[in-house]
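In: predicted model follows, preceded by the sequence.
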Amino acid sequence: MRRIAVRLLTALLTAVLIGVGIPAHAAVPDSPAVTYTNPIAEKRADPHIFRHTDGYYYFTATVPEYDRIVLRRATTIQGLSTAAETTIWTKHSSGVMGAHIWAPEIHFIDGKWYVYFAAGSTSDVWAIRMYVLEGTGANPLTATWTEKGQIKTTWESFSLDATTFVVNGVRYLAWAQRNPAEDNNTSLFIAKLANPWTISGTPAELSQPTLSWETIGYKVNEGPALIQHGDKVFMTYSASATDANYCLGMLTASATADLTNPASWTKSSVPVFQSSAATSQYGPGHNSFTTSEDGKSDILVYHDRSYKDISGDPLNDPNRRTRVQKVYWKADGTPDFGIPVADGVTPQRLSSYNFADRFIRHWEYRAKIEANVSPLADSQFRVVTGLAGSGTVSLESADFPGYYLRHKNFEVWVEKNDGTTAFAADASFHQRAGLADSAGVSYESYNYPGRYVRHYNYLLYVQIPSTATDRGDATFYAQ
């Protein structure tokens, strides 16, 4: 008996070493798929969502009347769309803080709530400065709020969009301000904080608008937001006028560097997030970051409009909406925001069960699996109600809305829905638990039962899986 057991163990070890009969497979992703339905809130610009330890998400944003600060809370990001809204502060009837109440952010610091916001004066609506409210109480919607006054900086000049964050135990403030020595509207600054409403030391200028995409309509760097990933920190910011030219740039630094030293930062040469005519999303910007409900995904929060052309001053157009979508991380540790996705359910990516770094993507409309996909949106698909109905799903391309994964001659392509019954059938699948791992997903053809979407030589087909390798090739993880 012992001799048989030894032989079995030896055979198993040999199989493991040479890979016989044991297909390689990837681990379940650390950051599984998470989806939301956009927009989250109509007529809410400059959105900020703060996830607190009490289990709630707190949401504030600029209202189009520019006259008050509002808050919502919900236990889910999607729940913010229908959550009751409370006005926690209203502009002064005269003097400072009496006009242009813009870009509030809510933070919890040392046991108290703080709201950072910008405001003008009734005597000069463009005398925009940064101010802070302090709230006491567990729930900021019912807290007692006190005005802590203006955040003083180097100059008494146009300043706005204050945000605060902690890196390596040090709390910082970043903001946008008009530098009187420069021929532009606003540049980005950073300083350490002595307390939540007082900066410490001399502010450092990190970026000014000099690139072509930062200077359309107005010369603007504004709306800084920080996210840390591994040993790097990334500061996104908004550039150009608040119309369809509005977009995001990004600064990058080491998390261990002196963040108040401008030399620690490098600037992206191109926008990292901008308008998409394909998805009808225009002027994405003034973002913040939060995390998904399971804590495993980073979420980009931003505003945009669903149309390009605006009559008159964009600041008088009320229709900027709050939206969210998942942030993906490249192999080098940098974020990939993709494109502002279409309204409705957000897309997801599908990674291969047995090739962890490869994702389903389209290339010249042929579906395949590939690593390091660029642009990101080529590997994003919206899982929607199947075109054929009957409990099926269809996978719609993120960057080609109206185009779906469909099979023809058992090859999988991305093609435009022509409205025919045949296309609907070819583009519809039954979503099953993964054939090789129930934590994954497999897609069975609607009109050819038993055939599944699988990769072979990295191209996608619908075939009957008959071996363990086939079942692995037909299993994917949603990310």
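Out: Arrived safely, thanks for sending.
In: helix, strand or coil for residue 304?
Out: At residue 304 the chain is in strand, as set by DSSP: H, G, I helix; E, B strand; the rest coil.
In: so which residue is dead centre in this structure?
Out: The chain has residue 300 as the residue nearest its centroid, 2.3 Å off, counting by C-alpha atoms, centre = their mean.
In: tell me if I'm right that that one and residue 286 touch.
Out: No. If you go by C-beta atoms under 8 Å, residue 300 and residue 286 don't touch, sitting 11.5 Å apart. C-beta here means a position set from N, CA and C on the backbone, and glycine is covered the same way.
In: hmm, back to that, doesn't the residue nearest to the centre of the chain fall inside a strand?
Out: Yes. Under three-state DSSP, residue 300 falls within a strand.
In: check contacts around it.
Out: For residue 300, the contact set (C-beta atoms under 8 Å, 6 or more residues apart in numbering) comprises 273, 287, 289, 324-327, 337.
In: what is the rounded mean pLDDT of the lengthiest strand in the chain?
Out: Scanning the chain for the longest strand, with DSSP state E as the assignment, gives strand 96-109. The average pLDDT for strand 96-109 rounds to 98.
In: neighbours around the nearest residue to residue 179 once chain neighbours are set aside, how many?
Out: Distances taken as C-beta to C-beta, 6 or more residues apart in numbering put residue 187 closest to residue 179, at 5.3 Å, once the chain neighbours are dropped. By other C-beta atoms under 10 Å, the residues close to residue 187 number 22.
In: list phi and psi for residue 187.
Out: phi -120, psi 170 (degrees, to the nearest 10).
In: got a list of what it touches?
Out: The contact partners of residue 187, by C-beta under 8 Å, 6+ apart, come to 176-179, 205-209, 221.
In: how about 6 Å then?
Out: Contact analysis of residue 187 by C-beta atoms under 6 Å, 6 or more residues apart in numbering lists 179, 205, 208, 221.
In: buried ones among the residues you listed?
Out: Neighbour-count burial (16 or more other C-beta atoms under 10 Å) is assigned, among the contacts of residue 187, to 179, 205, 208, 221.
In: export those residues to JSON lines and tack on secondary structure and distance to residue 27?
Out: Shown next, in JSON lines, are the buried ones among the contacts of residue 187 (DSSP: H, G, I helix; E, B strand; the rest coil; distance: C-beta to C-beta, whole Å):
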{"residue": "179", "secondary structure": "coil", "distance to residue 27": "49"}
{"residue": "205", "secondary structure": "strand", "distance to residue 27": "44"}
{"residue": "208", "secondary structure": "coil", "distance to residue 27": "44"}
{"residue": "221", "secondary structure": "strand", "distance to residue 27": "40"}
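In: tell me which other helices or strands the longest strand of the chain touches.
Out: Applying 3 or more C-beta pairs under 6 Å, 6 or more residues apart in numbering; DSSP states H and E, one finds that strand 96-109 makes contact with strand 45-51, strand 57-62, strand 112-121, strand 159-167.
In: out of the ones you listed, which gets nearest to residue 455?
Out: strand 45-51 (36.7 Å; C-beta to C-beta).
In: dump that closest one to PDB, keeping only the CA atoms.
Out: What follows is strand 45-51, C-alpha atoms only, in PDB (Å, rounded to 0.1, in the frame of the first residue of the first chain):
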ATOM      1  CA  ALA A  45     -20.500  69.600 -11.000                       C
ATOM      2  CA  ASP A  46     -17.100  69.300  -9.300                       C
ATOM      3  CA  PRO A  47     -18.100  66.100  -7.500                       C
ATOM      4  CA  HIS A  48     -16.500  64.800  -4.400                       C
ATOM      5  CA  ILE A  49     -17.300  61.400  -2.800                       C
ATOM      6  CA  PHE A  50     -15.700  60.600   0.500                       C
ATOM      7  CA  ARG A  51     -15.900  57.000   1.900                       C
END
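In: that strand pairs with which strands, and in what direction?
Out: Paired with strand 45-51 in the same sheet, following DSSP bridges, are strand 57-62 (antiparallel).
In: contacting residues around the strand it pairs with?
Out: With contact meaning C-beta under 6 Å, 6+ apart, strand 57-62 is reached by 44-51, 71-74, 77, 80, 102-104, 106, 322.
In: how far off centre is that strand?
Out: Centroid separation between strand 57-62 and its chain, computed with C-alpha atoms, centre = their mean, to the nearest Å, is 16 Å.
In: buried ones in whichever helix or strand comes after that strand, by neighbour count?
Out: Following strand 57-62 in sequence order, the next helix or strand is strand 68-74 (DSSP states H and E). Residues of strand 68-74 classed as buried: 69-74 (neighbour count, 16+ other C-beta under 10 Å).
In: for residue 149, state which of these is nearest.
Out: When the buried residues of strand 68-74 are compared for distance to residue 149 (C-beta to C-beta), residue 69 wins out at 15.5 Å.
In: list the contacts for the closest one?
Out: 88-89, 104.
In: same thing but 7 Å
Out: Contacts for residue 69 (C-beta atoms under 7 Å, 6 or more residues apart in numbering) come out as 60, 88-89, 101, 104, 115, 117.
In: show me the shaky parts of the stretch 1-150 of the chain.
Out: 1-24 (pLDDT under 70).
In: then the stretch 251-400 of the chain?
Out: The low-confidence ranges in the stretch 251-400 of the chain, as defined by pLDDT under 70, are absent entirely.
In: which stretches in it count as helices?
Out: Counting by DSSP state H, counting those that start in this stretch, the stretch 251-400 of the chain has no helices to list.
In: what about the strands in it?
Out: 266-267, 282-291, 298-305, 321-326, 328-329, 335-336, 344-345, 350-352, 358-363, 366-371, 381-385, 393-397 (DSSP state E, counting those that start in this stretch).
In: what's next to the fourth one, contact-wise?
Out: So the one you mean is strand 321-326. 34, 36, 38-44, 47, 61, 77, 297, 299-304, 340-341, 346.
In: that strand vs strand 298-305, what angle?
Out: Computed by axes from the mean of the first three to the mean of the last three C-alpha atoms, to 10 degrees, the angle separating strand 321-326 from strand 298-305 equals 150 degrees.
In: got the CA positions of strand 321-326 in PDB?
Out: The C-alpha trace of strand 321-326 is given here as PDB (Å, rounded to 0.1, in the frame of the first residue of the first chain):
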ATOM      1  CA  ARG A 321     -23.500  65.700 -14.300                       C
ATOM      2  CA  THR A 322     -21.600  63.500 -11.800                       C
ATOM      3  CA  ARG A 323     -20.300  60.300 -13.100                       C
ATOM      4  CA  VAL A 324     -18.100  57.400 -12.000                       C
ATOM      5  CA  GLN A 325     -16.100  54.600 -13.500                       C
ATOM      6  CA  LYS A 326     -13.400  52.200 -12.500                       C
END
